[in-house]
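Student: Quick check, what structure comes out for this input:
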Amino acid sequence: MAHVIVLGAGIGGLPAAFELRQTLGNEHQITLINANDYFQFVPSNPWLAVGWRTRDAITLPLKPLLKKHNIDFVTGWVSRIDAEANRLFFEDGNEINYDYLLIATGPQLAFEEVEGSGPTNGFTQSVCTVDHAEKTHADVKRLLDDPGPVIVGAVQFASCFGPAYEYAAILDTALRKHKLRDKVPMTFVTSEPYVGHLGLGGVGDSRGLLEHELRNRHINWITNARVSRVEADTIYIDQLDEGGEVAKQHELPFKHAMLLPGFKGVAPVAEVEGLCNPRGFVMVDAHQRSPKYPNIYSAGVCIAIPPVETTPVPTGAPKTGYMIESMVAAIVQNIQAELAGRPVTATATWNAFCLADLGDTGAAFIALPQIPPRNVTWFKKGKWVHWAKIAFEKYFLYKMRNGKSEPSYEKWALKIMGIMRLK
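Tutor: Numbers count the residues shown, from 1 in each chain. Coordinates of the predicted model:
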């Protein structure tokens with residue numbers, strides 16, 4: 001009997017544990033380890049931040065879910081990985097051995113890289129976790145009581161820009177519903193070289209469409225923005241030119257600010273010799289496997305994918321949900337093959353597919369493959385995307401909660417997948 005450990009219970013880790021159990025059967029031990037005892041559906045955090053969702057609506061308790069599927073669950077923080085000995089060590093002194101390790105931790109949020117940023121020790125908000133989104137919602141309520149300037153965006157080394165665009169548009173929509181939008185000047189600040197770059201070098205006419213969206217919502221923008229520091233009511237920004245030199249400096253006052261941080265690998269993973277790149281992201285081969293440690297696989301935001309191009313302010317390449325699902329499927333097939341004594345052959349399709357809610361409309365894009373040149377480049381806007389994202393939220397949470405799809409949500413999801421020619 002082999003012991004397979006999944007480290008991290010996010011959008012990659014939790015489905016991976018379920019798929020491993022379904023594929024490998026009950027003859028092998030599956031253990032899921034997570035720092036929290038709940039799953040959080042991160043794509044819904046911008047809605048929670050403005051009060052359109054509750055915490056209970058977008059989180060699931062892990063222990064009862066996993067027990068139903070005969071998956072062991074450990075709540076705790078892994079402080080060290082001994083990859084040579086196939087052993088994990090916890091902060092409380094406990095340890096556990098594995099035959100295969102699937103790392104799906106997501107990123108470490110590097111707020112410390114920008115002085116004064118972050119919801120814990122700084123002055124800016126975040127929608128990266130459900131806890132952060134709740135704090136953001138509390139700050140939004142203060143903004144409603146005392147309106148003033150708002151700044152939304154993503155700092156240097158960010159690699160997931162979609163939630164920043166989502167939050168800017170969702171907050172704009174919420175403020176209009178409260179009839180306070182005229183009292184709240186908004187500025188979008190991003191490390192991207194242009195609006196709609198998305199860490200992907202743009203997708204179709206993403207630049208024109210998203211510039212139009214911001215312009216139509218009276219949201220100003222600053223691109224090539226390197227945030228130097230944040231004070232209690234002011235953000236200081238160096239705007240760089242194409243050569244990477246400071247072209248202009250900005251001091252932006254704010255009453256409310258949400259800045260996505262740079263990402264890097266979580267410490268216990270990053271500290272394993274030969275496992276990660278300098279930013280702490282796990283290096284994987286075509287089969288999602290570590291070149292140095294062949295019994296370690298990785299999927300999701302925590303893996304190393306090079307930027308699609310060099311930008312004046314550092315940006316990273318995003319890992320979208322569809323891509324993560326493809327990584328997980330390949331890993332499960334490869335572990336199954338190894339246990340059966342066959343060579344690994346499965347590879348993930350690194351295609352980018354994203355649904356971004358914009359409050360009262362939405363934007364969807366496909367990049368096949370993610371890194372250009374591409375076979376398919378597609379970007380569209382419309383209210384249907386708003387409803388599509390809601391359908392996917394319901395579909396995913398229902399499936400995780402019940403171990404099966406709800407027919408109407410599944411029909412919606414599959415219809416959208418068909419429209420977008422993902423298969």
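Student: Below-threshold pLDDT in the stretch 301-423 of the chain: ranges please.
Tutor: Low-confidence segments of the stretch 301-423 of the chain (pLDDT under 70): 403-423.
Student: can you give me the strands for the stretch 101-250 of the chain?
Tutor: Remark: strands assigned in the stretch 101-250 of the chain by DSSP state E, counting those that start in this stretch are 108-109, 150-154, 186-190, 219-222, 225-230, 234-240, 246-253.
Student: helices and strands around the third one, which ones?
Tutor: Contact partners of strand 186-190 among helices and strands, from 3 or more C-beta pairs under 8 Å, 6 or more residues apart in numbering; DSSP states H and E: strand 150-154, helix 162-177, strand 219-222, strand 225-230. Using the backbone N, CA and C atoms, a C-beta is placed for each residue, glycine as well.
Student: the inter-axis angle of the second one versus strand 150-154?
Tutor: Just to be clear, that refers to helix 162-177. 160 degrees (axes from the mean of the first three to the mean of the last three C-alpha atoms, to 10 degrees).
Student: next one: helix 162-177 to chain centre, how far?
Tutor: 18 Å (C-alpha atoms, centre = their mean, to the nearest Å).
Student: Pull out the buried residues from stretch 267-277.
Tutor: 268-270, 272, 275-276 (16 or more other C-beta atoms under 10 Å).
Student: Between the residues you listed, which sits nearest residue 82?
Tutor: Using C-beta to C-beta, residue 272 is the member of the buried residues of stretch 267-277 that lies nearest residue 82, at 8.4 Å.
Student: That closest one in helix, strand or coil?
Tutor: In three-state terms, and counting by DSSP: H, G, I helix; E, B strand; the rest coil, residue 272 is coil.
Student: related to what we said a few turns ago, using TSV, lay out the buried residues of stretch 267-277 together with distance to residue 254.
Tutor: Listed next are these as TSV, based on distance: C-beta to C-beta, whole Å:
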residue	distance to residue 254
268	35
269	34
270	32
272	39
275	39
276	35
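Student: which one of those residues is nearest residue 14?
Tutor: residue 269 (18.1 Å).
Student: who touches residue 285 in this structure?
Tutor: residue 291 (C-beta atoms under 8 Å, 6 or more residues apart in numbering).
Student: Correct me if wrong: residue 200 contacts residue 369.
Tutor: No - counting by C-beta atoms under 8 Å, residue 200 stays clear of residue 369, with 10.5 Å between them.
Student: Comparing those two, which residue is more hemmed in?
Tutor: Higher neighbour count among residue 200 and residue 369: residue 200, with 26 against 14, using other C-beta atoms under 10 Å.
Student: pretty sure residue 303 contacts residue 284?
Tutor: Yes - using C-beta under 8 Å, residue 303 is in contact with residue 284, at 5.4 Å.
Student: Domain map for this protein?
Tutor: 3-104+266-301+320-350, 111-262, 351-423 (automatic domain parsing).
Student: all helices of the protein, in order?
Tutor: Using DSSP state H, the helices of the chain run over 13-24, 45-49, 62-68, 130-145, 162-177, 206-216, 267-270, 321-339, 383-402, 407-419.
Student: Out of those helices, the one nearest residue 351 is which?
Tutor: helix 321-339 (6.3 Å).
Student: Could you export that closest one as PDB, CA atoms only?
Tutor: In PDB, the C-alpha atoms belonging to helix 321-339 read as follows (Å, rounded to 0.1, in the frame of the first residue of the first chain):
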ATOM      1  CA  GLY A 321      -8.500  27.100 -12.500                       C
ATOM      2  CA  TYR A 322      -8.900  25.200 -15.700                       C
ATOM      3  CA  MET A 323      -5.100  24.900 -16.000                       C
ATOM      4  CA  ILE A 324      -4.900  23.700 -12.400                       C
ATOM      5  CA  GLU A 325      -7.500  21.100 -13.100                       C
ATOM      6  CA  SER A 326      -5.500  19.800 -16.000                       C
ATOM      7  CA  MET A 327      -2.400  19.600 -13.800                       C
ATOM      8  CA  VAL A 328      -4.200  17.600 -11.200                       C
ATOM      9  CA  ALA A 329      -5.600  15.200 -13.700                       C
ATOM     10  CA  ALA A 330      -2.100  14.600 -15.200                       C
ATOM     11  CA  ILE A 331      -0.600  14.000 -11.700                       C
ATOM     12  CA  VAL A 332      -3.300  11.500 -10.700                       C
ATOM     13  CA  GLN A 333      -2.800   9.500 -13.900                       C
ATOM     14  CA  ASN A 334       1.000   9.500 -13.500                       C
ATOM     15  CA  ILE A 335       0.800   8.300  -9.900                       C
ATOM     16  CA  GLN A 336      -1.600   5.600 -10.900                       C
ATOM     17  CA  ALA A 337       0.800   4.600 -13.700                       C
ATOM     18  CA  GLU A 338       3.800   4.400 -11.300                       C
ATOM     19  CA  LEU A 339       1.900   2.300  -8.800                       C
END
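Student: Which neighbouring elements make contact with that helix?
Tutor: So helix 321-339, by 3+ C-beta pairs under 8 Å, 6+ apart, packs with helix 13-24, strand 100-103, strand 296-298, strand 352-357.
Student: Can you lay out those as JSON lines showing mean neighbour count and distance to residue 169?
Tutor: Listed next are the helices and strands packed on helix 321-339 as JSON lines, based on neighbours: other C-beta atoms under 10 Å; distance: least, C-beta to C-beta, whole Å:
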{"stretch": "helix 13-24", "mean neighbour count": "22", "distance to residue 169": "28"}
{"stretch": "strand 100-103", "mean neighbour count": "26", "distance to residue 169": "33"}
{"stretch": "strand 296-298", "mean neighbour count": "27", "distance to residue 169": "32"}
{"stretch": "strand 352-357", "mean neighbour count": "25", "distance to residue 169": "8"}
